[in-house]
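*Asks:* quick one, fold the following:
(one chain, ligands or ions: 2)
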Amino acid sequence: MEIKAPRGTSDILPEKAGIWQFLERRAISLFERYGYRRIITPIFEYTELFRQGIGESTDIVQKEMYTFRDRRGRSLTLRPEATAPVVRAFLEHDLLKHSQPVKLYYIGPMFRYERPQAGRYREFWQIGVEAIGSLDPALDGEVILLLMHYLKDVGLKHLQLHLNSMGCFKCRPSFTESLEGYLQPRIGEFCSDCKRRIKLNPLRVFDCKKEACQNLLSNAPRILDHLCEDCKVHFHEVQEYLKMMDLNHVINPSLVRGLDYYTRTTFEVISPHLGAQNALGGGGRYDNLVEGCGGPPTPATGFALGTERVAMALEKEGVSLPKDSTLDVFLAIVGRDQKPDGFALLSRIREEDIAADMDYGGRSLKGQMKLADKLGVSYALFLGSKELGRGVCRIRDMKTGEQVEVKLEEVPKWLKIHLK
Ligand SMILES: [Zn+2]
Ligand SMILES: [Zn+2]
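*Replies:* Numbering: from 1, shown residues only. Ligands and ions are numbered 1, 2, ... in the order given. Below you'll find the model as predicted:
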C-alpha cells in the first residue's frame, strides 16, 4: 500500500516553504521592533490545560482535539492553539517577576480535528503574539496595530478589521441571561450543535457557521448593549487608539472567537478573497485566563494569524514575493580533475557568507550552465585546467554575459564586493 500524508495535513515543499520563510522572517523582524520576544513551547501538553483554558463548551475541546494516552496512561493533547501553553509557561517559569507586560511571540504548527477544506487543515501553522500583564487599552491598540502592520508589510491590501467587546465577568452574566431568554423559546429551530451549545454556554451559538442559525441570531441581544461602565470606557478608548492610527474598523457584535477565555476587546481581520474561511487572524483580551490557570489575576491580550491563509491571500491578491532561489553563485567545473580545487574554492566562498553551490550530478559543462541559469544565480564561475594552471578563475556576470578573470585567492573578496 502506498502511504500518503494524513488527511488534512500537507507537505510544505521548498517552493511553498520559501513563502513560509518569508512570512516568518517578516514576523520576527517586525514583532521584535514592537518589543516582543520569541517563546517556543511543546507541541503537546497535558489535556487538562486546554480543557481548563479554552473551555469545555467550545467546539475545540468538544470535538476537535487530538488527544491520546502516552505509555504511562497520561492524557496528552497536540496543541490546538498556543495561548494556553504560553500562559502555562508564563506561570511555570514565574515570568510574573519580569516587568509587565511580558511581550512574547510564537511561530509553529497547531492541530485540530476538523473537516478539511480550502483554508482549513488538521495541521496548520500560526504566528502569534501574547502581551501578558496589562489592562491598558493602548496595549489592545498596539496588538491590533501590529497585526494590521504585519499583514500590510507582507503585501496584503484588502483587509477588513472587525471589532467587538465581550464584556467582563461583571457584565457578561446579565448579557448571558438575556441571550438565554431569547434562545430558549427558539431552541427547537437551532441545529443539534447549537442545542448543545445553548445548554453548555449560550454565547457559543455565535460560533455556528450554519446560515439558518445565523439568521435566527440576527435579532439576538447584543453584548455591546450590556457592557458595564468600565468595559464601555475601555472599548471606547481602544477605538480612539485605532482612530488615531487611521485603522478603519467594523463593529461586529457576533464576533466571539470560539474560545471561552476572551474578555473585552476581540478582533478579527478578514480577507474578501478567501471565501468561507476568510479570517486571516484575530485575537483579543483574556483577562481571566492566567487566573484560570492557577496564577494571580493578570490581564492579557494577543492575536494569532494563520500562515496558510495569509499565503492563500497573497496568492489571490497576486502579490509577488522575493524570488525562490537564494543562491548567488554557481561554480562550474570544466573537467573532473578540477573538482577538488573547485570544492575548496566553493568552501572559501561560502565562508564569506555568500550562497553558492556546484554540481554533484556529473553534468557536462553545458549541463552545468543550464543548471546555473535555472537557479537564477548572479555569477557563474568556471574552473578548467587552463585557468587552474594560471591560478585564476573565470567569472561570468549572468545578466550581462561579461566575463573577467580573477586570481583564485581573490575570488571570495571579488564576489563579496560585486554582489553588494
Ligand atoms: Zn464589564
Ligand atoms: Zn447552529
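*Asks:* alpha carbons only for contacts and neighbour counts from here, please
*Replies:* Noted.
*Asks:* and the strands in the stretch 151-300 of the chain, which stretches?
*Replies:* Counting by DSSP state E, counting those that start in this stretch, the stretch 151-300 of the chain forms strands over residues 160-165, 250-251, 263-270, 279-285, 300-306, given from the N-terminal end onward.
*Asks:* could I get those strands as a markdown table with mean pLDDT?
*Replies:* Converted to a markdown table, the strands of the stretch 151-300 of the chain look like this (pLDDT from 0 to 100):
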| stretch | mean pLDDT |
| --- | --- |
| strand 160-165 | 97 |
| strand 250-251 | 96 |
| strand 263-270 | 96 |
| strand 279-285 | 96 |
| strand 300-306 | 98 |
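*Asks:* can you say which of those is nearest to residue 3?
*Replies:* Of all those, strand 300-306 sits nearest to residue 3, with 27.5 Å by Cα to Cα.
*Asks:* tell me what that closest one is packed against?
*Replies:* When contacts are defined as 3 or more Cα pairs under 8 Å, 6 or more residues apart in numbering; DSSP states H and E, strand 300-306 packs onto strand 123-132, helix 137-153, strand 279-285.
*Asks:* now the angle between helix 137-153 and it, please.
*Replies:* Here the directions of strand 300-306 and helix 137-153 differ by 10 degrees (axes from the mean of the first three to the mean of the last three Cα atoms, to 10 degrees).
*Asks:* picking that back up, in a markdown table, list the helices and strands packed on strand 300-306 along with distance to residue 306 and mean neighbour count.
*Replies:* Conversion of the helices and strands packed on strand 300-306 to a markdown table gives the following (distance: least, Cα to Cα, whole Å; neighbours: other Cα atoms under 10 Å):
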| stretch | distance to residue 306 | mean neighbour count |
| --- | --- | --- |
| strand 123-132 | 5 | 23 |
| helix 137-153 | 11 | 20 |
| strand 279-285 | 6 | 25 |
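*Asks:* nearest to ligand 1, out of these?
*Replies:* Set against ligand 1 and scored by Cα to the ion, the helices and strands packed on strand 300-306 come closest in strand 279-285, at 12.5 Å.
*Asks:* distance of residue 408 from ligand 2?
*Replies:* The span separating residue 408 from ligand 2 equals 72 Å under the rule Cα to the ion, to the nearest Å.
*Asks:* quick one, phi/psi of that residue?
*Replies:* The phi/psi pair for residue 408 (degrees, to the nearest 10) reads phi -50, psi -50.
*Asks:* close to ligand 2, is the lowest-mean-pLDDT helix or strand in the chain?
*Replies:* Each helix and strand of the chain was given a mean pLDDT (mean pLDDT, DSSP states H and E); the minimum falls on helix 59 at a mean of 87. No - where contact is defined by Cα under 5 Å from the ion, no part of helix 59 touches ligand 2; the two come within 11.6 Å at best.
*Asks:* after that helix, next one along is what?
*Replies:* strand 67-69 (DSSP states H and E).
*Asks:* what's that next one packed up against?
*Replies:* strand 75-78.
*Asks:* can you give me how far the strand it packs on is from the chain middle?
*Replies:* For strand 75-78, the distance between its averaged C-alpha position and the chain's averaged C-alpha position is 22 Å (Cα atoms, centre = their mean, to the nearest Å).
*Asks:* restricting to C-alpha, output that strand in CSV.
*Replies:* In CSV, the C-alpha atoms belonging to strand 75-78 read as follows (Å, rounded to 0.1, in the frame of the first residue of the first chain):
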residue,chain,number,x,y,z
SER,A,75,-3.7,12.1,28.7
LEU,A,76,-1.9,14.4,26.3
THR,A,77,-3.2,16.7,23.5
LEU,A,78,-1.5,18.1,20.5
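*Asks:* list the buried ones in that strand?
*Replies:* Using 16 or more other Cα atoms under 10 Å as the burial criterion, the residues of strand 75-78 that qualify are 76-78.
*Asks:* closest to residue 150 out of those residues?
*Replies:* Closest to residue 150 out of the buried residues of strand 75-78 is residue 78 (27.2 Å), distances taken as Cα to Cα.
*Asks:* now do the same for the closest one: its pLDDT.
*Replies:* Each residue has a pLDDT score; the one for residue 78 is 98.
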